[in-house]
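S.K.: Coordinates for the following, if possible.
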Amino acid sequence: MIYLDHAASSPMLPEVRAFFERALEEAAGNPSSPHAAGRRARRILEDARERAAAALGADPREIVFASGATEANHLAVIGAAEARRDRGDHVVLGALEHASVVEAAARLAARGFRVSRVPAGRDGLLDPAEVARAVTPRTVLVSVAWVDAEVGAVQAIGEIRRALPEGVLLHSDAAQAAGKVPVDVRQADLVTFSAHKMHGPKGAGALWVRKGVTLVPLLGGGGQELERRAGTENVAGAAGLAEA
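M.R.: Coordinates of the predicted model:
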C-alpha cells in the first residue's frame, strides 16, 4: 500500500520507532515513584521535556505533555479562559479551527462565555486587523490554528499577536505546522503539538505554555506536569514526541 494521508497521521520514522521502543522498555516504572525504576522513568521523561524545549527554543518548565493535540487544545482553551474568568468572559476563534478547539469553546459557552468567530478570506487566511476588531474589553483568549488541516492555509501568527491588545492571550494549534513550516512559539502564548502528525507515536502531544500563563487543570488527582495535567505520564510517548 502507498500511504499518502500524512496530514491525518504520519507513520513513525524508523529512528523514532527505535527510540520509542527503547523508552517503552526502559521506563517500566511510574515516573512519580521514588524507587530506582521510577527514577529511571523520571529521567527519561525529563530528558524528553528538555529535548522538546530545546527544539522549540523554550524552557523545559513551559512544556506540558498530554495524550495528544485534542487534550492539549482543551487544556489551552478551557484552562486559560477559566483561569482569567475574573478578567472577562469572551473568546475569539478563527473560522477554520480544528473540531477539538471548536468543542472546547462550545464547552466554555455552556459555562457562560461568549464565543466569536472570525471569517477567513477565499485563500483561507485571516486578516489580523479583523481578528483584532473581534476583540472586546471582555476578551481573554484568541485561538487561531497555525496551519489549517483542510486547506493548508498558513496563518500570520506573529502579525495576529502584534494586532492584539495587551492582556489577551493567543493560543495556536500547531499540530499541522510542526515539521512543515517554521514555528516560533514566542509569537503566541500557548502552542499545541501532536506527535503523530510529525512521524511520532499516536497518543502523545504537548502544550507549550509561556512562563507566567496560568491554567485551570482539566483533570484532578495528581500533581504531574507542574499541577497542570494530572495523570501518570506517557513516558515513551513523550520520548517519541521529543525524538520526532
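S.K.: use CA for all of it now, contacts and neighbours both
M.R.: Fine.
S.K.: So in terms of bridging, what pairs with the residue nearest to the spatial centre of the chain?
M.R.: Geometric centre of the chain, nearest residue: Thr192, 1.7 Å, by C-alpha atoms, centre = their mean. Beta-bridge partners recorded for Thr192 (DSSP bridges): Asp173, Leu207.
S.K.: So Pro31 is in contact with Gly231, correct?
M.R.: No - in this structure Pro31 lies outside contact range of Gly231 using C-alpha atoms under 8 Å: 10.7 Å.
S.K.: So if I had to pick from these two, which one is more boxed in?
M.R.: Between Pro31 and Gly231, Pro31 has the larger neighbour count (other C-alpha atoms under 10 Å), namely 24 against 16.
S.K.: In contact with that one, which residues?
M.R.: Contacts for Pro31 (C-alpha atoms under 8 Å, 6 or more residues apart in numbering) come out as 38-42, 45, 232-233, 235.
S.K.: Now do the SS call for it.
M.R.: coil (DSSP: H, G, I helix; E, B strand; the rest coil).
S.K.: Just the pLDDT at it, thanks.
M.R.: Pro31 is assigned a pLDDT of 97 by the prediction.
S.K.: Quick check: the gap between the residue nearest to the centre of the chain and Thr136.
M.R.: According to C-alpha to C-alpha, to the nearest Å, Thr192 stands 25 Å off from Thr136.
S.K.: Widest-spaced pair of the contacts of Pro31?
M.R.: Greatest spacing in the contacts of Pro31, by C-alpha to C-alpha: Arg40 and Thr232 (14.5 Å).
S.K.: Same drill for these two, tell me which one is more crowded.
M.R.: Comparing Arg40 with Thr232 by other C-alpha under 10 Å, the one with more neighbours is Arg40, at 18 against 13.
S.K.: wait, isn't the more buried one in contact with Leu24?
M.R.: No - judged on C-alpha under 8 Å, Arg40 makes no contact with Leu24 at a distance of 11.7 Å.
S.K.: hang on, the earlier thing: just put the contacts of Pro31 in JSON lines and tack on secondary structure.
M.R.: As requested, these are arranged in JSON lines below (three-state DSSP):
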{"residue": "Gly38", "secondary structure": "helix"}
{"residue": "Arg39", "secondary structure": "helix"}
{"residue": "Arg40", "secondary structure": "helix"}
{"residue": "Ala41", "secondary structure": "helix"}
{"residue": "Arg42", "secondary structure": "helix"}
{"residue": "Leu45", "secondary structure": "helix"}
{"residue": "Thr232", "secondary structure": "coil"}
{"residue": "Glu233", "secondary structure": "coil"}
{"residue": "Val235", "secondary structure": "helix"}
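S.K.: Are any of these buried, and if so which?
M.R.: 38-42, 45, 233, 235 (16 or more other C-alpha atoms under 10 Å).
S.K.: Let me see the confidence value for Ala156.
M.R.: 97.
S.K.: Would you enumerate the residues in contact with it?
M.R.: Ala156 makes contact with 126, 128, 146, according to C-alpha under 8 Å, 6+ apart.
S.K.: Repeat that for Ala153.
M.R.: When contacts are counted by C-alpha under 8 Å, 6+ apart, Ala153 touches 123-125, 147.
S.K.: Now with 10 Å, please.
M.R.: Contact analysis of Ala153 by C-alpha atoms under 10 Å, 6 or more residues apart in numbering lists 96, 120, 123-126, 145-147.
S.K.: Please apply the same query to Glu62.
M.R.: Listed by C-alpha under 10 Å, 6+ apart, the contact set of Glu62 reads 49-50, 53, 190, 207-213, 225-226.
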